[in-house]
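1. here you go, sequence then predicted model.
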Amino acid sequence: MRYKVDSSGNVGEVVGSYLGSVYLRPPGGGVEWSVRPDLLRDPTPQELGAALWPMVTVGGGR
């Protein structure tokens, strides 16, 4: 998976590009949004960890 951060600080998974826009989806699913490619950057390890934290399974998947 490839994640990017938009100019608002929102982390999203890159799901595609079309007509000069990159489409992102929140980690774990949700509504996609589009961003100009020049407004995207790679997330810091802290940003990525915070974005992915809600997706961590609690209890070891019993």
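-> Noted; the coordinates are in hand.
2. would you mark the buried spots in stretch 42-59?
-> Applying a neighbour-count criterion of 16 or more other Cβ atoms under 10 Å, the buried positions in stretch 42-59 are Pro43, Glu47, Ala51, Leu52. Where you see a C-beta, it was placed from the backbone N, CA and C, and this is true even at glycine.
3. now intersect the residues you listed with the helices, please.
-> Glu47, Ala51, Leu52 (DSSP state H).
4. TSV please, covering these and showing distance to Gly9 and pLDDT.
-> Shown next, in TSV, are these (distance: Cβ to Cβ, whole Å; pLDDT from 0 to 100):
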residue	distance to Gly9	pLDDT
Glu47	8	97
Ala51	10	93
Leu52	15	91
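5. of all those, which comes closest to Tyr18?
-> For Tyr18, the nearest member of those is Ala51. The distance, counting by Cβ to Cβ, is 23.4 Å.
6. and the residue nearest the centre of the chain, what does it touch?
-> In the chain, the centroid-proximal residue (Cα atoms, centre = their mean) is Gly12; its distance is 1.4 Å. Gly12 makes contact with Tyr3, Lys4, Val5, Asp6, Leu24, Arg25, Pro26, Pro27, Trp33 under the criterion Cβ atoms under 8 Å, 6 or more residues apart in numbering.
7. tell me where the chain has helices.
-> Listed in chain order, the helices of the chain (DSSP H) span 45-52.
8. what's the closest of the ones in helices among the buried residues of stretch 42-59 to Leu39?
-> Nearest to Leu39 among those, with distances taken as Cβ to Cβ, is Glu47, at 15.4 Å.
9. so what are the sheet partners of the longest strand anywhere in the chain and their directions?
-> Secondary structure of the chain per DSSP state E: the longest strand is strand 11-18. Using DSSP bridges, strand 11-18 pairs in its sheet with strand 3-5 (antiparallel), strand 21-25 (antiparallel).
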